[in-house]
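> Need a 3D model of the following:
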Amino acid sequence: MSFPSLLRCKTLLVPCRPVLRSFSTKTDGEVRITKILKEKFPLASSLKVVDISGGCGAMYEIHIESDEFRGKRTVQQHQLVNQALKEEIQAMHGLRIFTEVPRK
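The predicted structure follows:
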């Protein structure tokens, strides 16, 4: 597949309109994903979910710090988050995951 043919492939594009919103309000998707992750990772000391697609729900960034990640490699931590969100991921275009273990 040549590079120009990739540019013509419109099925990969996700239509989004820029949405102006306050940082104090959350989208429905952010609220839903936050709820799921709080249930799956009750020991999380920090959790932040941001819709980085402009509010249309196509792409999210997740920052989560939890003791449940202790002793696990980064890839294993990310797999746990992916597993918790397996239903939601199907409707997403992309997902950025940042995991940490709390310092003792």
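
> Just the strands from the protein, written as ranges.
For the chain, the strands defined by DSSP state E cover 44-51, 59-66, 94-100.

> Tell me which of those strands sits most buried.
Most buried of the strands of the chain, by mean neighbour count (mean count of other CB atoms under 10 Å): strand 59-66, with a mean of 19. Heads up, the C-betas are built off the backbone N, CA and C, glycines and all.

> and it, C-alpha only, in PDB?
C-alpha atoms of strand 59-66 as PDB (Å, rounded to 0.1, in the frame of the first residue of the first chain):
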ATOM      1  CA  MET A  59     -10.000   9.700  21.800                       C
ATOM      2  CA  TYR A  60      -9.200   9.800  25.500                       C
ATOM      3  CA  GLU A  61      -6.200  10.300  27.700                       C
ATOM      4  CA  ILE A  62      -6.100   8.400  31.000                       C
ATOM      5  CA  HIS A  63      -3.700   9.100  33.900                       C
ATOM      6  CA  ILE A  64      -4.100   6.600  36.700                       C
ATOM      7  CA  GLU A  65      -2.000   6.000  39.800                       C
ATOM      8  CA  SER A  66      -2.900   2.800  41.800                       C
END
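
> Any stretches of this structure with poor pLDDT?
Applying pLDDT under 70 to the chain flags residues 1-24.

> Centre of the chain to stretch 75-91, how far?
From the chain centre to the centre of stretch 75-91 is a distance of 9 Å (CA atoms, centre = their mean, to the nearest Å).

> longest single helix anywhere in the chain?
helix 28-40 (DSSP state H).

> Please compute how far it lies from its chain's middle.
Centre-to-centre, helix 28-40 and its host chain are 10 Å apart (CA atoms, centre = their mean).

> what does stretch 74-88 give?
Distance, stretch centre to chain centre, for stretch 74-88: 10 Å (CA atoms, centre = their mean).

> With that, I have no additional questions.
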